[in-house]
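Visitor: With the input below, show me the fold.
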Amino acid sequence: MESEEKQQNARFRFSIDGVVFKSLMQYVGKFDVDTPTFIVSSEGIKLSAMDPTHVMALYLNIDYYAFEEFEVTKEGPLCIDITKLNKILRAYKKPKRKREYPDPIGLESDGQKLKVSFQGQIYELHILDLGSDIDVPEPAIDRWDCEAVINIKSLRKAVKMASEFSDVIKIEANADQLIISATNYEGEKFTKVYDRYDSEDLIDFSSDSEVKSYYTAELLSKVLSLTLCEYPKISLRHENPLMVEYPIDNIEVKAYLAPRVGEDYEPNNESETQEDIEDQNQQEVSEVSEIETQEHEEIPQEDQEVNEHEEIVESVEVSEKEETEETQEEIAESEVSNNEVSKTSVSEINIDFEGFTYVLIAFGAKWKANSLRDLPSNINGQVWKNENGRPIRII
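Guide: Down below sits the predicted model:
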């Protein structure tokens, strides 16, 4: 029974451009399908596969015209370990000169083993039982809101820069622009704008309506990783899978990436209201309050408040007493470090409570401390700086 199943595998002998075949197999490997199943027929080779999480899908069709040699003795499936095949293809050397014609890669199957040969090297791999789904239906999207033909190197660079800010990338489109952006949790943002009138990287663009979708940065980089095409076509529809289509001679490559939906991926965006900010601050204040309460459990709250207020009253009384004893001449002689000092008189001292930080305000100067005990107990004759950095003397 096992022998009969293996006999159903395709048998053929192919020869194809080595650079093209190596790039295509490396791209297939990006979709996390360990054992893709190709369908071999007299018309060429096809593959439809989906990653295990059903987020990425790949549709590959290599027409027989793409082959230098193409002979099929039995049509059928071809299931291989793509990881092992790509390890073999690493040994393939690309031409050193761009105009030099690349060496071909030979592929031959007897239904049980796949022979891979190039540049004097021959490898053999076992053909596996059917692995991935043979027929993965293509997403049924009847129309696209936006289509753009764009320079792949520029787009890859924009995605890479955006991924430095967030692992989720937003792609937007309006009547004239394609926009790639990402925002981190501190509100810092990266944006790349491709304008249909100004951008040299955008050679064709059409958009019927505004589009906005979010995609995982790592997966977006994977579907944009094929190196055989300089200007792929990007198709978008609001909150629908993105499609990347690579036009290559006699080869059709389509990749789909599903968007991320149902979450807010811009925690610091402009739509955040003042009420949201105040709620967040209040929550942080409550957390700090709990911590301070735990640290001072051994001190009764009433006694602590009395002690703190007594220190402030004592500070005020000392200041008023010393104010009556000092003269303006004595103040002039006590200038510190030749700093410019502005003189003022004590009129009142206020204690504010800002987010569990005690603030002492006197004559435009401000001192902050985590507790009343940390505030200056005697401000008379001391030189402090106000919020503008200007020295001020308290007298």
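Visitor: Now do the same contact list for the nearest residue to Asn151 once chain neighbours are set aside.
Guide: Taking Cβ to Cβ, 6 or more residues apart in numbering, and ignoring the residues beside it in sequence, Asn151 has Asp201 as its nearest neighbour in space, at 3.9 Å. (C-beta placed from N, C-alpha, C; glycine too.) Taking Cβ atoms under 8 Å, 6 or more residues apart in numbering as the criterion, Asp201 is in contact with 150-151, 154-155, 194.
Visitor: Shouldn't Val72 be within a strand?
Guide: Yes - using DSSP: H, G, I helix; E, B strand; the rest coil, the secondary structure at Val72 is a strand.
Visitor: That one: how many residues sit nearby?
Guide: Per other Cβ atoms under 10 Å, the neighbour tally for Val72 reads 19.
Visitor: Need the nearest residue in space to it, chain neighbours excluded.
Guide: Using Cβ to Cβ, 6+ apart and skipping residues adjacent in sequence, the residue nearest Val72 is Phe12, 4.6 Å away.
Visitor: Touching, the one you found and Glu108? I think so.
Guide: Yes - at 7.2 Å, Phe12 and Glu108 qualify as touching, with contact defined as Cβ atoms under 8 Å.
Visitor: So those two - more neighbours on which side?
Guide: Using other Cβ under 10 Å as the criterion, Phe12 and Glu108 rank with Phe12 on top: 25 against 17.
Visitor: Next, find the distance separating Tyr246 from Tyr27.
Guide: Tyr246 sits 9 Å away from Tyr27 when distances are taken as Cβ to Cβ, to the nearest Å.
Visitor: joint contacts of the two?
Guide: 226, 253.
Visitor: how about the helices in the stretch 1-150 of the chain?
Guide: With DSSP state H, counting those that start in this stretch applied, the stretch 1-150 of the chain shows helices at 2-7, 18-29, 82-89, listed in chain order.
Visitor: what does the last one rub up against?
Guide: Outside of helix 82-89, the residues within contact range by Cβ under 8 Å, 6+ apart are 21-22, 25-26, 28-29, 33-36, 105, 116, 123, 125.
Visitor: filter those residues to the buried ones?
Guide: Of the members of these, the ones counted as buried by neighbours, 16 or more other Cβ atoms under 10 Å, are 21-22, 25-26, 28-29, 33, 36, 105, 116.
Visitor: So for the residues you listed, which is the shakiest by pLDDT?
Guide: Lowest model confidence among the buried ones among the contacts of helix 82-89 falls on Val33, which carries 89.
Visitor: how close does that residue sit to Ile152?
Guide: Separation of Val33 from Ile152 (Cβ to Cβ) stands at 22 Å.
Visitor: try Leu78
Guide: In this view, Leu78 and Ile152 are 29 Å apart by Cβ to Cβ.
Visitor: again with Pro137
Guide: The gap separating Pro137 from Ile152 is 27 Å, by Cβ to Cβ.
Visitor: Of the contacts of Asp201, which is the nearest to Ser207?
Guide: Each of those was checked against Ser207 using Cβ to Cβ; the closest is Tyr194, at 11.3 Å.
Visitor: ok, of the buried ones among the contacts of helix 82-89, which one's closest to Arg97?
Guide: Using Cβ to Cβ, Lys22 is the member of these that sits closest to Arg97, with 17.5 Å.
Visitor: ok, the closest one - contacts?
Guide: Under the contact definition (Cβ under 8 Å, 6+ apart), the residues listed for Lys22 are 89, 92, 105.
Visitor: repeat for Ile251
Guide: If you count contacts by Cβ under 8 Å, 6+ apart, then Ile251 has 20, 24, 60-63, 66, 228 around it.
Visitor: Would you reformat the residues you listed as CSV and include neighbour count, pLDDT and distance to Glu100?
Guide: Putting the contacts of Ile251 into CSV (neighbours: other Cβ atoms under 10 Å; pLDDT from 0 to 100; distance: Cβ to Cβ, whole Å) gives the following:
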residue, neighbour count, pLDDT, distance to Glu100
Val20, 20, 97, 15
Leu24, 23, 98, 20
Leu60, 22, 97, 26
Asn61, 17, 97, 28
Ile62, 25, 98, 23
Asp63, 15, 97, 25
Ala66, 21, 97, 20
Leu228, 18, 95, 17
